[in-house]
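S.K.: this is the structure alone, sequence omitted:
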């Protein structure tokens, strides 16, 4: 087993472990949550692989196992999010989970990425732009920014921040929106250090998606805060 495979798989295990731990803290059915996490991961990988094949062309030979091989790429963000979300919703119905699991994934996703990106570093995928600084790494025929390690470090910081925020958000679902806000802002900046092949008006498709995530999360959090303040104001009004 290569270091790339080891750290990528370890990232998935860490993500599932954090999700189960967070579910215990919320007193949710942890056995069902563990299955939901694993099914969601599998669904995300499968749809992400399909997105990769649609973009890059369908391979001549393919096997069922290759859909789950973390060393073969195919972890397109949009496909992974859509596939993971559909798989999670189906699994939640199967295991009778009615509560939102978004806040659990808010902690699991950055924990998974913090470890998994180290696998990207050893595997050479998601590599950076050319750079001749003291901490540059040699990948794909040139000295480059260690963009994968930048991503790993930022994901670790995001996880710590969300862990701190966990008991400071009152509205269910708010922690996940904080994750989207933090992920979107960080990934937007990190894209400038990653190799970007396609640009739209100077920004990569990923950066445009990040802008949408930031706007969505910011608006949702603002509306939730406004609603909470209105409810608190009404509660303080004397009964007529």
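M.R.: Yep, that arrived. On a predicted model such as this, the values are computed, not experimentally measured, just so you know. Numbering: from 1, shown residues only.
S.K.: longest helix of this protein?
M.R.: helix 205-236 (DSSP state H).
S.K.: buried sites along it?
M.R.: By neighbour count on 16 or more other Cβ atoms under 10 Å, the buried set for helix 205-236 is 206, 207, 209, 210, 213, 214, 217, 220, 221, 224. For the C-beta atoms, the positions are set from N, CA and C on the backbone; glycine is no exception.
S.K.: helices and strands around that helix, which ones?
M.R.: helix 77-94, helix 174-190 (3 or more Cβ pairs under 8 Å, 6 or more residues apart in numbering; DSSP states H and E).
S.K.: what's the angle from it to helix 174-190?
M.R.: Orientation check (axes from the mean of the first three to the mean of the last three Cα atoms, to 10 degrees): helix 205-236 against helix 174-190 gives 150 degrees.
S.K.: what separates helix 205-236 from the chain centre, distance-wise?
M.R.: 19 Å (Cα atoms, centre = their mean, to the nearest Å).
S.K.: for stretch 193-209, same thing?
M.R.: The offset between the C-alpha centroid of stretch 193-209 and the centroid of the whole chain comes to 18 Å, using Cα atoms, centre = their mean.
S.K.: try stretch 27-47
M.R.: 14 Å.
S.K.: that stretch: which residues count as buried?
M.R.: 28, 32-47.
S.K.: give me the below-cutoff pLDDT ranges for this structure.
M.R.: 29-31, 51-82, 238-240 (pLDDT under 70).
S.K.: how close does the residue positioned nearest the centre of it get to residue 237?
M.R.: For the chain, the residue nearest the mean C-alpha position is residue 109 (4.4 Å; Cα atoms, centre = their mean). The gap separating residue 109 from residue 237 is 40 Å, by Cβ to Cβ, to the nearest Å.
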